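Trainee: Have a look at this prediction, sequence included:
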Amino acid sequence: MRKWQIGEVTVTKIVEMETTGGASWILPDASPAECRDIEWLKPNFMDEEGELKFSVHALVVETPSCTIVVDTCVGNDKERKPFRDWHQLQTSFLQDFAGAGFDRDTVDHVLCTHLHVDHVGWNTMWVDGAWVPTFSNASYLVAQDEYDHFSRTDIEEINQRVFNDSVAPVYEAGLMQLVATDHQVCPEVDLVPTLGHTPGHVSVRIRSGGEQALITGDFVHHPCQMARLDWGSSADLDAAAADATRRRVFAEYADTPTLIIGTHFAGVTAGHIVRDGDAFRLQT
């Protein structure tokens, strides 16, 4: 468990799982042979053989006025084929959440950067034969454009399944708030549109006490994309827009004090973007 302090705001990482290797399914260009020369990725983000490390985790943001859970991982008990490693999971996520000192009944907001399978799973849990909201007193914040896209009946089967068991039950319970991609959550936290990966994808900006942080979501999956700007994700719905977003955000935050907290960055998870020739690197 890692924590970061941004002014009066505390961010805590709750890990569901960490993996090494198998990056090609999400970053097709990031083979070990291509990654091996990016020395600064070791040891936090890559092993000695060039295999990339990934994490699936939630981030709990505590502000003076509210508690926010950003992205809720994969979740237990869910039909997730063809994602074999995520199918019918049985993890200790809720116990770890409680062990970190959090009570899911006192969470004020659940914020989904987007509605992919590994970001909404613990929105719901299986209780007495039905999917029910895990954070029963929270307002679940989802960008309107994101909801409109994933609620369509013509999207692929896995996304329909994810929507039906992890999004629709929250909406039907009256707990979902559909918002703009620049929505202000509380005085210290607002959304930043980082479109391309999905139509309503957002990152989460924290500003407090003269300090600033950005929770990425999936506009970037791994720090290697800072070194190789043309490495896109196979899950980017609009590859050109996703590429433009990565380049824009990296340039905007490079050589600034803003702490970048990666939604899938393993190990230390956070650092500062610095320019590195024609590209960038994450300084931890």
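Mentor: Cool, the structure landed. These numbers were taken from a predicted model, which means no experiment stands behind them.
Trainee: Now do the helices in the stretch 51-200 of the chain.
Mentor: All helices of the stretch 51-200 of the chain, identified by DSSP state H, counting those that start in this stretch, fall at 93-99, 117-120, 144-150, 157-166, 168-172.
Trainee: quick one: the longest one to chain centroid distance?
Mentor: The chain centroid and the centroid of helix 157-166 are separated by 18 Å under Cα atoms, centre = their mean, to the nearest Å.
Trainee: for the record, mean pLDDT for it?
Mentor: Confidence over helix 157-166 (mean pLDDT, whole number) is 97.
Trainee: Which elements pack onto it?
Mentor: For helix 157-166, the elements it packs on are helix 117-120, helix 144-150, judged by 3 or more Cβ pairs under 8 Å, 6 or more residues apart in numbering; DSSP states H and E. For every residue, glycine as well, the C-beta is placed using N, CA and C.
Trainee: Okay, buried residues for it please.
Mentor: Judged by neighbour count (16 or more other Cβ atoms under 10 Å), helix 157-166 contains these buried residues: 159-160, 162-163, 165-166.
Trainee: Ok, the first one next?
Mentor: If you call a residue buried by 16+ other Cβ under 10 Å, then helix 93-99 has these buried ones: 93-94, 96-97.
Trainee: For it, which helices and strands make contact with it?
Mentor: strand 9-20, strand 53-62.
Trainee: Average pLDDT for the biggest helix by length in the chain, rounded please.
Mentor: The residue-count maximum for a helix in the chain (DSSP state H) belongs to helix 239-253. For helix 239-253, mean pLDDT rounds to 98.
Trainee: Just after that helix, pick out the following helix or strand.
Mentor: Using DSSP states H and E, the helix or strand that directly follows helix 239-253 along the chain is strand 259-261.
Trainee: Name the strands paired with that next one and say parallel or antiparallel.
Mentor: As defined by DSSP bridges, the strand partners of strand 259-261 come to strand 211-215 (parallel), strand 270-276 (antiparallel).
Trainee: most neighbours per residue, which of these?
Mentor: strand 211-215 (a mean of 21; mean count of other Cβ atoms under 10 Å).
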